[in-house]
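> dropping the sequence and predicted coords here.
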Amino acid sequence: MSSTLRMDIRRLVGANVRRYRTERGLSQEEIGARMGVDRAHVGLIERGEQNATLLTIWSLSQALEVSPQALFDETVFENNLQ
């Protein structure tokens, strides 16, 4: 098991949400509107402070136009270690 798999999965998902959101030039407000949630909820997820349900993961992936699997991509952490 890689060291990143031992990391808090909430931080991993949150980092990927932030990465995809900023790559697309979207605000937390825009993602929240696409999901039907408040901007603060998106912020909690991005900071790894909110445990996202499967439905939230699906909704995030739809809002970001990525596969749900993309939100679990470990390269976001691996790139920060280099």
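Structure's in. What do you need?

> tell me what the helix or strand harbouring residue 14 is packed against?
Using DSSP states H and E, residue 14 sits in helix 9-23. On a contact count with 3 or more Cβ pairs under 8 Å, 6 or more residues apart in numbering; DSSP states H and E, helix 9-23 meets helix 28-35, helix 39-46, helix 54-64, helix 75-81. (Each C-beta comes from the backbone N, C-alpha and C, glycine too.)

> who are the neighbours in contact with residue 19?
residue 76 (Cβ atoms under 8 Å, 6 or more residues apart in numbering).

> likewise the one 3 residues further on?
Contacts of residue 22 were listed using Cβ under 8 Å, 6+ apart, and none were found.

> try residue 44
Applying Cβ under 8 Å, 6+ apart, we find residue 44 in contact with residue 50.

> how far away is residue 62 from residue 70?
12 Å (Cβ to Cβ, to the nearest Å).

> and those two? Which one has more around it.
A side-by-side neighbour count of residue 62 and residue 70, using other Cβ atoms under 10 Å, places residue 70 first with 15 against 12.

> hang on, the more buried one packs against residue 17?
No - using Cβ atoms under 8 Å, residue 70 is not in contact with residue 17; the gap is 9.8 Å.

> what comes up buried for the helix holding residue 14?
10, 11, 12, 13, 14, 15, 16, 17, 18, 19, 20, 21 (16 or more other Cβ atoms under 10 Å).

> surely residue 63 meets residue 37?
No - here residue 63 does not reach residue 37: they are 9.5 Å apart, not a contact under Cβ under 8 Å.

> the more surrounded of these two?
Legend: neighbour count by other Cβ under 10 Å for residue 63 and residue 37, higher for residue 63 (22 against 17).

> and the pLDDT for the nearest residue to residue 57 once chain neighbours are set aside?
Leaving aside its sequence neighbours, residue 57 sits nearest to residue 68 (Cβ to Cβ, 6 or more residues apart in numbering; 5.3 Å). Looking at residue 68, its pLDDT stands at 98.

> the residue most central in space within the chain - nearest residue in space that isn't next to it in sequence?
Closest residue to the average C-alpha location of the chain: residue 17 at 2.5 Å, with Cα atoms, centre = their mean. Closest residue in space to residue 17, ignoring its immediate chain neighbours: residue 46 at 5.3 Å, by Cβ to Cβ, 6+ apart.
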